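>>> With the input below, show me the fold.
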Amino acid sequence: MWFKLIRKPQPYVDPDLDPVLLVPGIAGSILEAVDDQNGKEERVWVRIVGADYKLRTKLWSRFDPSTGRTVSLDPATSIKVPEERYGLYAVDVLDPDMIIGRECVYYFHDMIVEMIKWGFQEGKTLFGFGYDFRQSNRLQKTMDRLAMKLESVYKASGGKKINIISHSMGGLLTKCFMGLHSDIFQKYVKNWIAIAAPFQGAPGYIASTFVNGMSFVDGWEQNFFISQWSMHQLLIECPSIYELMACPHFHWQHIPLLELWREKEGCDGYPRNILESYGPTQSIDIFKEALSGNSVDYDGETIPLPFNLEILKWARETHKVLSNAKVPSGVKFYNIYGINLETPHSVCYGSEERPVTDIQQIRFFQPTYVCVDGDGTVPAESAKADGLHAEARVGVPGEHRGILCEPYVFRILKHWLRAGDPDPFYNPINDYVILPTAFEMESHHEKALQVTSLKRRMGNCF
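Okay, the predicted model is just below:
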């Protein structure tokens, strides 16, 4: 019997494409713990097996105000980001060992697959930039790494300027770099495309994170991942989280509030349950009181972890950097933001029937939300308010992380990156792809795509 050797077809490579650098958001990079004594490395984010234990022993940290860094409680551990596959390994599939339910740990995976179909090539025109998302978005070490990355991508692509595609908090990191190192940005960057960036914060999401913690997976995977309490103790010392608080100087259409049902004595001397409301600045006093007794036990020692005013001070300086950043001449900026999902904006604890009697106990209350339009995490109002000169701002129906695999987004990116053949259905008037078939056109109208307007829906979000 004769066997015919079948060669696997090589992917199409377009040598004329400009390079792309993918920058993820919070929790969107693989992190490895390095034992400083023997050099042993192990993945600590993301992992399913032993995830909670490794997070508590390797990633729990304290903020050092003298350096602006958050440092692991384990003095013999340092955290690094893997650089395999030209940085793409760290931002592709966050737990490469996971088989069942693998899609829940996809980050840029679908986008990478799609872009390779367009002719992009890893190491030539496609790169990734992972980072320690616990740190400040303006930490000098991260800024230095990004500068080196831009230079290396520029050289690897033969001196071509770079298209940065950032997602979520990666947009704040990119904007910080642009504000602090405008000359380097101008030298190496051609276009910056921000997707679902919380330019003015993610008020409801972050307020409840300070009180209750955060979960990065839904459904059955939660049973095998990291507890909200463990994640809460990590994030309370992360400058990046404080930098995602609602910008207090932004003119919100609806001011994000922290609300508490409290029992107060009325004018007649009888107790009454009233709803108290606190704006972004006033909410800080509530966070301080709520977390005043927060602590963790680590290696036999009780470590207090209150609301960190030193980090808040650092974050306010970061907000100044972000508000002063401008797009350098010769660079084009584009903004894609998510719409049509109820997105937490204001947070309420307690109820008229069960008021909060002790502020330190509100972490045991399930929050309820007043929601606005957005992507489920970032309000559209915040994502649109980039404060920059933009070539286009486009609203796409989609969930915060799911937007990275939206066909609508892929077609927009393909046009902006000038990849493949020109799209005959692209409409330059609203900078959006008009879908060609009658069925797709009907779906387009049903999803109520918005490009320039912000649709608001106020109500309860659970």
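
>>> Tell me the bridge partners for S61.
Legend: beta-bridge partners of S61 under DSSP bridges are S72.

>>> Let me fix that, I meant to ask about V34.
According to DSSP bridges, beta-bridge pairing links V34 with E41, S78.

>>> how close does it get to G266?
From V34 over to G266 the distance is 60 Å, taken as Cβ to Cβ, to the nearest Å. C-betas here are computed from N, CA, C, even on glycine.

>>> Between the two, point out the one with more neighbours.
Applying other Cβ atoms under 10 Å to V34 and G266 shows that V34 carries more neighbours, namely 17 against 10.

>>> Surely that one and S78 touch.
Yes. In this structure, V34 is within contact of S78 by Cβ atoms under 8 Å, at 5.0 Å.

>>> Give the residue spans of the protein that score low on pLDDT.
When residues are selected by pLDDT under 70, those of the chain lie in 1-9, 215-225, 425-462.

>>> H319 reaches C247, doesn't it?
Yes. Using Cβ under 8 Å, H319 makes contact with C247 at a distance of 6.0 Å.

>>> So between these two, which is more surrounded?
C247 (23 against 19).

>>> what sits against the nearest residue to the more buried one once chain neighbours are set aside?
Spatial nearest neighbour of C247, chain neighbours left out: Q200 (4.5 Å); criterion: Cβ to Cβ, 6 or more residues apart in numbering. Counting by Cβ atoms under 8 Å, 6 or more residues apart in numbering, Q200 touches A246, C247, F250, W252, E381, S382, A385.

>>> now do E310
F63, P65 are the contacts of E310 under Cβ under 8 Å, 6+ apart.

>>> try 10 Å this time
Residues near E310 by Cβ atoms under 10 Å, 6 or more residues apart in numbering: F63, D64, P65, S66, G68, P239, Y242.

>>> Now compare the residues you listed and name the two farthest from each other.
Comparing every pair within the contacts of E310 by Cβ to Cβ identifies S66 and Y242 as the most remote, at 17.1 Å.

>>> And the helices in the stretch 1-150 of the chain?
With DSSP state H, counting those that start in this stretch as the criterion, the stretch 1-150 of the chain has helices at 51-54, 109-117, 140-156.

>>> The closest residue to L257 other than its chain neighbours: which element?
What sits nearest to L257 in space, not counting adjacent residues and going by Cβ to Cβ, 6+ apart, is S346, at 4.2 Å. In the assignment (DSSP states H and E), S346 maps to strand 341-349.

>>> The very next helix or strand once past that strand versus strand 341-349: what angle between them?
Using DSSP H and E, the helix or strand that follows strand 341-349 in sequence is strand 368-374. Interaxial angle of strand 368-374 relative to strand 341-349 (axes from the mean of the first three to the mean of the last three Cα atoms, to 10 degrees): 150 degrees.

>>> got the CA positions of strand 368-374 in CSV?
The C-alpha trace of strand 368-374 is given here as CSV (Å, rounded to 0.1, in the frame of the first residue of the first chain):
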residue,chain,number,x,y,z
THR,A,368,-28.3,45.6,43.8
TYR,A,369,-27.5,47.9,40.9
VAL,A,370,-28.9,50.8,39.0
CYS,A,371,-27.8,50.1,35.4
VAL,A,372,-27.1,52.2,32.3
ASP,A,373,-26.3,51.2,28.8
GLY,A,374,-22.9,49.6,28.2
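
>>> so which of the helices of the stretch 1-150 of the chain is the most packed in?
helix 109-117 (a mean of 19; mean count of other Cβ atoms under 10 Å).
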